[in-house]
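Student: Provided below are the primary sequence and the corresponding predicted coordinates.
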Amino acid sequence: MSQDNGVILVLLLGLALASPAWAAYKLQERYSWNQLDFAFPNARLKEQALASGDYIPQNGLPVGVEHFGNRLFVTVPRWRDGIPATLTYINMDHSVTGSPELIPYPDWKANTAGDCANSITTAYRIKVDECGRLWVLDTGTVGIGNTTTNPCPYSVNVFDLTTDTRIRRYELPATDTNPNTFIANIAVDVGKTCDDAYAYFADELGYGLITYSWELNKSWRFSAHSYFFPDPLRGDFNVAGINFQWGEEGIFGMSLSPIRSDGFRTLYFSPLASHRQFAVSTRILRDETRTEDSYHDFVALDERGPNAHTTSRVMSDDGVELFNLIDQNAVGCWHSSMPYSPQFHGIVDRDDVGLVFPADVKIDENKNVWVLSDRMPVFLLSDLDYSDTNFRIYTAPLATLIENTVCDL
């Protein structure tokens, strides 16, 4: 429910606490699952996968969402065993709502873990550009934290959504990563033509920002800027009644402004363990010669205020940024024509059950917003109740969400 700036934030409640709680009223729940299901070719193959452990329903966690045409893409990283596909979609013509089976994209073979040249091993957040291309960074990893193995290198994979074929695979060179590298977010910057395209990758645990040029088929890394690092005062989190520390989490959420008068965009970003947003012109990021000589081109903006850790963010083509506020079970907004200070930040919607850990947010070509929530800290640090709804995808028109907020200019 939309709130005026400055209202005292309600205390985070445990999921089972039977007290009054905020419920979403602008965002409409479109899909939901107790646990994820996959569209196997037939029942026999599904039974075989269950028996062999190739499919363990309780081990799947959706983290990324993207919409294009009649398809809603959902990513499921291979953090645990039994994830049969990592890049999937919902056919929205066949499944208008409910708990649909996830269909591997572009097919089952292309989701084979460890088949580096031909498949996607693990995908996190993905992006469709205005040229009808789906950008997917394959981390090449299986597991999470201490269980992580790297059967494949990091690679940029781009699919043509008209033909459902992969049109580019580019392996990140060793100079773009380090032993701590963990990349879970992507931003795509298309200029005047479809060839004038760049992708930016946030190295959350290796503390860097990587640029990839479509035209040059080349990448370069901006390393060790202090703005990529976590804030040592912002490593304490409270979500779903769980207190935990993610003090090492650096640069994560990114959004791109509309093209500015100089022909470039502004990239906004925040470390996950931070309440602050930073900015840099894509003029800098597109220039390989500036990787070691650009410190003062990065700008620090104000803090968002208390309880303001964010995961993903996105900006509309008219300059409205949406960002997921994981401490508040909410989605926030800011109109980029205004100063980045708390009095110009709004809450577009909040739900103390349904929006526990909003993990991704997108704005599609029709200016509809898509939000995925997944109770990630409960999945990682406690135990999900699989008799309850755990994963949800919401949608609403952007104009509806920002109506009567400070972002509605």
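Tutor: Right, received. Where do you want to start?

Student: contacts, neighbours, all on C-alpha from now
Tutor: Noted.

Student: What residues of stretch 393-407 count as buried?
Tutor: Using 16 or more other Cα atoms under 10 Å as the test for burial, stretch 393-407 gives 393, 394, 395, 396, 397, 398, 401, 402, 405, 406, 407.

Student: Make CSV from those and add distance to residue 24 and pLDDT to it.
Tutor: Putting the buried residues of stretch 393-407 into CSV (distance: Cα to Cα, whole Å; pLDDT from 0 to 100) gives the following:
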residue, distance to residue 24, pLDDT
393, 12, 98
394, 10, 98
395, 11, 98
396, 11, 98
397, 14, 98
398, 15, 98
401, 11, 97
402, 14, 98
405, 15, 97
406, 18, 97
407, 18, 98
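
Student: hmm, which two among those residues are most spread apart?
Tutor: Farthest pair in the buried residues of stretch 393-407 (Cα to Cα) is 393 and 406. Separation: 24.9 Å.

Student: Can you get me a residue count around residue 28?
Tutor: Using other Cα atoms under 10 Å, residue 28 is surrounded by 14 other residues.

Student: Can you get me a residue count around the residue lying closest to residue 389 once chain neighbours are set aside?
Tutor: Nearest non-adjacent residue to residue 389, counting by Cα to Cα, 6 or more residues apart in numbering: residue 34, 4.3 Å away. For residue 34, the neighbour count with other Cα under 10 Å is 17.

Student: Residue 293 now?
Tutor: By the criterion of other Cα under 10 Å, residue 293 has 10 neighbours.

Student: So it: helix, strand or coil?
Tutor: Look at residue 293: counting by DSSP: H, G, I helix; E, B strand; the rest coil, its state is coil.

Student: From residue 53, how far off is it?
Tutor: Using Cα to Cα, to the nearest Å, residue 293 is found at 50 Å from residue 53.

Student: now do residue 40
Tutor: Here the criterion is Cα to Cα. By it, residue 40 lies 14 Å from residue 53.

Student: Those two: which has the busier surroundings?
Tutor: Ranked by neighbour count (other Cα under 10 Å), residue 40 and residue 53 place residue 40 first, with 17 against 14.

Student: Could you check the pLDDT of that one?
Tutor: pLDDT, residue 40: 98.

Student: give the contact list for it.
Tutor: When contacts are counted by Cα atoms under 8 Å, 6 or more residues apart in numbering, residue 40 touches 46, 103.

Student: likewise the one 10 residues further on?
Tutor: For residue 50, the contacting residues are residue 56, by Cα under 8 Å, 6+ apart.

Student: Just say helix, strand or coil for it.
Tutor: Counting by three-state DSSP, the backbone at residue 50 sits in helix.

Student: show me where the stretch 301-409 of the chain has helices.
Tutor: For the stretch 301-409 of the chain, the helices defined by DSSP state H, counting those that start in this stretch cover 376-381, 398-402.

Student: And these: which comes nearest residue 255?
Tutor: helix 398-402 (15.7 Å).

Student: Give the other helices and strands that the closest one contacts.
Tutor: Contacts defined by 3 or more Cα pairs under 8 Å, 6 or more residues apart in numbering; DSSP states H and E place helix 398-402 against strand 345-350.

Student: Neighbouring strands of the strand it packs on in the sheet, and parallel or not?
Tutor: Take DSSP bridges as the rule and strand 345-350 pairs in its sheet with strand 330-335 (antiparallel).

Student: and the gap between residue 100 and residue 122?
Tutor: Distance, residue 100 to residue 122, by Cα to Cα: 21 Å.

Student: Among the two, which residue is more densely surrounded?
Tutor: A side-by-side neighbour count of residue 100 and residue 122, using other Cα under 10 Å, places residue 122 first with 29 against 20.

Student: so where's this structure uncertain?
Tutor: Within the chain, the ranges that satisfy pLDDT under 70 run 1-21.

Student: Would you mind measuring from the residue of it most remote from its centre to residue 361?
Tutor: Most distant residue from the mean C-alpha position of the chain: residue 44, 33.9 Å away (Cα atoms, centre = their mean). Distance from residue 44 to residue 361, counting by Cα to Cα: 36 Å.

Student: do residue 84 as well
Tutor: Distance, residue 84 to residue 361, by Cα to Cα: 24 Å.

Student: likewise residue 349?
Tutor: Distance from residue 349 to residue 361, by Cα to Cα: 13 Å.

Student: quick one: which of the two has more around it?
Tutor: Taking other Cα under 10 Å, residue 349 and residue 361 do not tie; residue 361 has more neighbours (27 against 22).

Student: and the more buried one, what is it in contact with?
Tutor: By Cα under 8 Å, 6+ apart, the contact set of residue 361 is 65, 312, 313, 314, 322, 323, 324, 369, 370, 371, 372.

Student: for residue 244, same thing?
Tutor: 236, 237, 238 are the contacts of residue 244 under Cα under 8 Å, 6+ apart.

Student: I'd guessed the last one sits against residue 327; true?
Tutor: Pointing back at residue 238 there. Yes. With contacts counted by Cα atoms under 8 Å, residue 238 reaches residue 327, the gap being 6.2 Å.
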